[in-house]
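Chemist: I would like to see how this sequence folds:
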Amino acid sequence: MSDTAPQTAGGKVLWHFTMSLDGFVAGPNHAMDWMTGISSRPGLVEEYVETTGAVLGGRDGWDAAVDDSRPYGGAWDGPIFVLTHHPADATPADRVTFLNCGPAEAVRIGLEAAGGKNLEVLSPTIGRQLLELGLIDEIDLHIAPVLLGQGVRLYENPGSEPIRLHHVGEGDPTSVVNVRYRPTTTAKEKGPCI
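Modeler: This next block holds a predicted model:
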(Lines give C-alpha, C1' and ligand atoms only; values in the text may rest on other atoms or scores of the structure.)
Protein backbone atom coordinates (compact mmCIF):
# COMPACT_ATOMS: atom_id res chain seq x y z
CA MET A 1 0.00 0.00 0.00
CA SER A 2 1.44 3.36 -0.94
CA ASP A 3 0.99 6.55 1.00
CA THR A 4 -1.27 9.27 -0.34
CA ALA A 5 0.14 12.25 -2.18
CA PRO A 6 1.15 15.19 0.02
CA GLN A 7 -1.71 17.35 1.25
CA THR A 8 -2.25 20.61 -0.60
CA ALA A 9 -3.55 23.93 0.68
CA GLY A 10 -6.49 24.22 -1.67
CA GLY A 11 -9.10 25.80 0.57
CA LYS A 12 -10.65 22.40 1.32
CA VAL A 13 -12.80 21.37 4.25
CA LEU A 14 -10.66 18.52 5.47
CA TRP A 15 -11.87 16.04 8.09
CA HIS A 16 -8.52 14.92 9.46
CA PHE A 17 -7.57 12.38 12.13
CA THR A 18 -5.13 9.76 13.19
CA MET A 19 -7.36 6.77 13.89
CA SER A 20 -6.87 3.42 15.58
CA LEU A 21 -7.35 0.36 13.42
CA ASP A 22 -10.70 -0.24 15.17
CA GLY A 23 -12.04 3.22 14.32
CA PHE A 24 -11.32 5.39 17.37
CA VAL A 25 -9.82 8.87 17.09
CA ALA A 26 -9.49 9.38 20.84
CA GLY A 27 -9.56 7.19 23.90
CA PRO A 28 -12.13 7.45 26.70
CA ASN A 29 -12.70 11.09 27.76
CA HIS A 30 -10.90 12.26 24.59
CA ALA A 31 -7.55 10.88 25.86
CA MET A 32 -4.78 11.03 23.28
CA ASP A 33 -2.00 9.23 25.19
CA TRP A 34 -2.50 6.17 22.97
CA MET A 35 -0.64 8.01 20.20
CA THR A 36 2.65 7.92 22.11
CA GLY A 37 5.20 5.85 20.22
CA ILE A 38 3.33 5.96 16.89
CA SER A 39 5.39 7.26 14.01
CA SER A 40 4.38 8.78 10.69
CA ARG A 41 6.29 9.38 7.51
CA PRO A 42 8.93 12.10 7.71
CA GLY A 43 7.56 15.57 6.97
CA LEU A 44 3.88 14.67 7.51
CA VAL A 45 3.32 17.03 10.44
CA GLU A 46 5.09 19.87 8.62
CA GLU A 47 2.86 19.21 5.60
CA TYR A 48 -0.28 19.83 7.66
CA VAL A 49 1.24 22.79 9.49
CA GLU A 50 1.89 24.41 6.11
CA THR A 51 -1.47 23.60 4.47
CA THR A 52 -3.82 24.31 7.39
CA GLY A 53 -5.28 27.80 7.57
CA ALA A 54 -7.83 27.27 10.36
CA VAL A 55 -9.19 24.52 12.60
CA LEU A 56 -12.81 23.75 13.50
CA GLY A 57 -13.40 21.61 16.57
CA GLY A 58 -16.06 20.74 19.08
CA ARG A 59 -16.53 21.69 22.70
CA ASP A 60 -15.93 18.23 24.19
CA GLY A 61 -12.56 17.96 22.47
CA TRP A 62 -11.67 21.52 23.43
CA ASP A 63 -12.51 20.96 27.09
CA ALA A 64 -10.38 17.81 27.13
CA ALA A 65 -7.41 19.47 25.37
CA VAL A 66 -7.52 22.99 26.78
CA ASP A 67 -4.07 22.73 28.39
CA ASP A 68 -2.59 21.38 25.15
CA SER A 69 -4.84 23.24 22.76
CA ARG A 70 -2.56 23.87 19.77
CA PRO A 71 -2.60 21.26 17.00
CA TYR A 72 0.56 19.49 15.93
CA GLY A 73 2.24 19.89 19.29
CA GLY A 74 2.10 23.67 19.05
CA ALA A 75 3.85 23.83 15.67
CA TRP A 76 0.70 25.29 14.08
CA ASP A 77 -0.55 28.64 15.36
CA GLY A 78 -3.55 29.69 13.26
CA PRO A 79 -7.12 30.47 14.29
CA ILE A 80 -9.17 27.79 16.05
CA PHE A 81 -12.96 27.83 16.04
CA VAL A 82 -14.84 25.79 18.64
CA LEU A 83 -18.49 25.09 17.91
CA THR A 84 -20.49 25.07 21.14
CA HIS A 85 -24.01 25.70 22.43
CA HIS A 86 -22.54 27.38 25.53
CA PRO A 87 -19.74 29.77 24.55
CA ALA A 88 -20.12 31.87 27.72
CA ASP A 89 -18.68 29.18 30.00
CA ALA A 90 -15.85 28.05 27.69
CA THR A 91 -12.23 28.39 28.80
CA PRO A 92 -10.74 31.16 26.63
CA ALA A 93 -7.37 30.97 24.88
CA ASP A 94 -5.39 33.06 22.41
CA ARG A 95 -6.58 32.76 18.79
CA VAL A 96 -9.58 30.64 19.79
CA THR A 97 -13.12 31.77 18.92
CA PHE A 98 -16.19 30.05 20.33
CA LEU A 99 -19.06 29.87 17.87
CA ASN A 100 -22.73 29.28 18.63
CA CYS A 101 -24.12 28.76 15.13
CA GLY A 102 -24.93 25.99 12.70
CA PRO A 103 -22.14 23.82 11.28
CA ALA A 104 -22.49 25.33 7.77
CA GLU A 105 -22.00 28.84 9.14
CA ALA A 106 -19.00 27.62 11.17
CA VAL A 107 -17.48 26.29 7.92
CA ARG A 108 -18.07 29.62 6.17
CA ILE A 109 -16.35 31.48 9.04
CA GLY A 110 -13.50 28.96 9.19
CA LEU A 111 -12.82 28.99 5.45
CA GLU A 112 -12.75 32.77 5.42
CA ALA A 113 -10.22 32.77 8.26
CA ALA A 114 -8.17 30.03 6.53
CA GLY A 115 -7.28 32.50 3.78
CA GLY A 116 -7.20 29.98 0.92
CA LYS A 117 -5.61 27.21 2.97
CA ASN A 118 -7.51 24.22 4.34
CA LEU A 119 -10.03 24.24 7.16
CA GLU A 120 -9.29 21.16 9.26
CA VAL A 121 -12.24 19.63 11.05
CA LEU A 122 -10.99 17.96 14.23
CA SER A 123 -14.30 16.74 15.63
CA PRO A 124 -16.07 13.46 14.90
CA THR A 125 -19.50 14.95 15.64
CA ILE A 126 -19.02 18.07 13.54
CA GLY A 127 -17.40 16.01 10.76
CA ARG A 128 -20.46 13.73 10.65
CA GLN A 129 -22.80 16.75 10.48
CA LEU A 130 -20.75 18.35 7.71
CA LEU A 131 -20.63 15.06 5.79
CA GLU A 132 -24.44 14.88 5.93
CA LEU A 133 -24.61 18.49 4.68
CA GLY A 134 -22.23 17.74 1.80
CA LEU A 135 -19.60 20.14 3.14
CA ILE A 136 -16.62 17.77 3.56
CA ASP A 137 -14.22 17.90 0.61
CA GLU A 138 -11.85 15.19 1.84
CA ILE A 139 -11.43 12.77 4.71
CA ASP A 140 -7.76 12.35 5.54
CA LEU A 141 -7.02 9.44 7.89
CA HIS A 142 -3.78 8.08 9.26
CA ILE A 143 -4.49 4.57 10.53
CA ALA A 144 -2.37 3.78 13.56
CA PRO A 145 -1.31 0.22 14.34
CA VAL A 146 -3.24 0.02 17.61
CA LEU A 147 -6.58 -1.39 18.76
CA LEU A 148 -8.17 0.80 21.44
CA GLY A 149 -11.42 -1.07 22.02
CA GLN A 150 -13.13 2.02 23.43
CA GLY A 151 -13.18 5.78 23.14
CA VAL A 152 -14.43 8.32 20.63
CA ARG A 153 -15.26 6.84 17.22
CA LEU A 154 -14.55 8.69 13.99
CA TYR A 155 -18.04 8.03 12.64
CA GLU A 156 -21.04 6.84 14.53
CA ASN A 157 -24.52 7.18 13.09
CA PRO A 158 -26.68 4.15 13.99
CA GLY A 159 -29.54 3.44 11.61
CA SER A 160 -28.16 5.56 8.80
CA GLU A 161 -27.40 4.42 5.27
CA PRO A 162 -23.74 3.69 4.48
CA ILE A 163 -21.73 6.64 3.18
CA ARG A 164 -19.79 5.52 0.10
CA LEU A 165 -16.32 6.99 -0.36
CA HIS A 166 -13.80 7.13 -3.19
CA HIS A 167 -10.14 6.52 -2.44
CA VAL A 168 -8.01 9.48 -3.52
CA GLY A 169 -5.01 8.52 -5.63
CA GLU A 170 -4.20 6.07 -8.38
CA GLY A 171 -6.15 2.92 -9.09
CA ASP A 172 -9.77 1.95 -8.61
CA PRO A 173 -11.34 4.57 -6.29
CA THR A 174 -13.77 1.97 -4.88
CA SER A 175 -11.19 -0.72 -4.09
CA VAL A 176 -10.53 -1.95 -0.58
CA VAL A 177 -7.40 -0.61 1.13
CA ASN A 178 -5.43 -3.56 2.48
CA VAL A 179 -3.46 -3.34 5.70
CA ARG A 180 -1.66 -6.14 7.49
CA TYR A 181 -0.30 -6.01 11.03
CA ARG A 182 1.14 -8.41 13.59
CA PRO A 183 0.48 -8.02 17.32
CA THR A 184 3.53 -6.84 19.27
CA THR A 185 2.27 -8.45 22.45
CA THR A 186 2.06 -12.19 22.84
CA ALA A 187 -0.36 -14.37 24.74
CA LYS A 188 0.63 -15.08 28.32
CA GLU A 189 2.43 -18.36 28.71
CA LYS A 190 0.23 -21.08 30.05
CA GLY A 191 1.26 -24.02 32.13
CA PRO A 192 1.19 -27.55 30.77
CA CYS A 193 -2.20 -29.09 30.11
CA ILE A 194 -3.17 -31.90 32.43
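Chemist: Quick check on the residue nearest in space to the middle of the chain: phi, psi?
Modeler: Nearest to the geometric centre of the chain sits Phe17, at 2.4 Å (Cα atoms, centre = their mean). Torsion angles at Phe17 (phi, psi; degrees, to the nearest 10) stand at phi -150, psi 150.
Chemist: tell me the secondary structure for the closest residue to it other than its chain neighbours?
Modeler: Using Cβ to Cβ, 6 or more residues apart in numbering and skipping the chain neighbours, the partner closest in space to Phe17 is Val25 (4.3 Å). Just so you know, the C-beta spots here come from the backbone N, C-alpha and C atoms, and that holds for glycine as well. Following DSSP: H, G, I helix; E, B strand; the rest coil, Val25 is assigned to strand.
Chemist: One more: Leu14?
Modeler: At Leu14 the chain is in strand, as set by three-state DSSP.
Chemist: In contact with the residue found closest to it once you drop the neighbours it is linked to in the chain, which residues?
Modeler: Distances taken as Cβ to Cβ, 6+ apart place Asn118 nearest to Leu14, at 4.7 Å, with adjacent residues excluded. Contact analysis of Asn118 by Cβ atoms under 8 Å, 6 or more residues apart in numbering lists 7, 9-14, 51-53.
Chemist: Among these, name the buried ones.
Modeler: 7, 9, 12-14, 51-53 (16 or more other Cβ atoms under 10 Å).
Chemist: Could you dump those into JSON lines with pLDDT added?
Modeler: Formatted as JSON lines, the buried ones among the contacts of Asn118 follow (pLDDT from 0 to 100):
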{"residue": "Gln7", "pLDDT": "80"}
{"residue": "Ala9", "pLDDT": "78"}
{"residue": "Lys12", "pLDDT": "95"}
{"residue": "Val13", "pLDDT": "96"}
{"residue": "Leu14", "pLDDT": "95"}
{"residue": "Thr51", "pLDDT": "96"}
{"residue": "Thr52", "pLDDT": "97"}
{"residue": "Gly53", "pLDDT": "97"}
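Chemist: quick one on the thing from earlier: next one: the residue nearest to Phe17 from Asp172, what distance?
Modeler: 27 Å (Cβ to Cβ, to the nearest Å).
Chemist: Which one's more surrounded, the two?
Modeler: Counted by other Cβ atoms under 10 Å, Val25 and Asp172 do not tie: Val25 has more neighbours, with 24 against 8.
Chemist: for this protein, what spans make up the strands?
Modeler: Along the chain, counting by DSSP state E, strands occupy 13-20, 24-26, 52-58, 80-83, 96-99, 118-121, 138-144, 152-153.
Chemist: rewinding a little: list the contacts of the residue nearest to Phe17.
Modeler: 17-19, 124, 151-154.
Chemist: And the furthest pair within these?
Modeler: Thr18 and Arg153 (13.7 Å; Cβ to Cβ).
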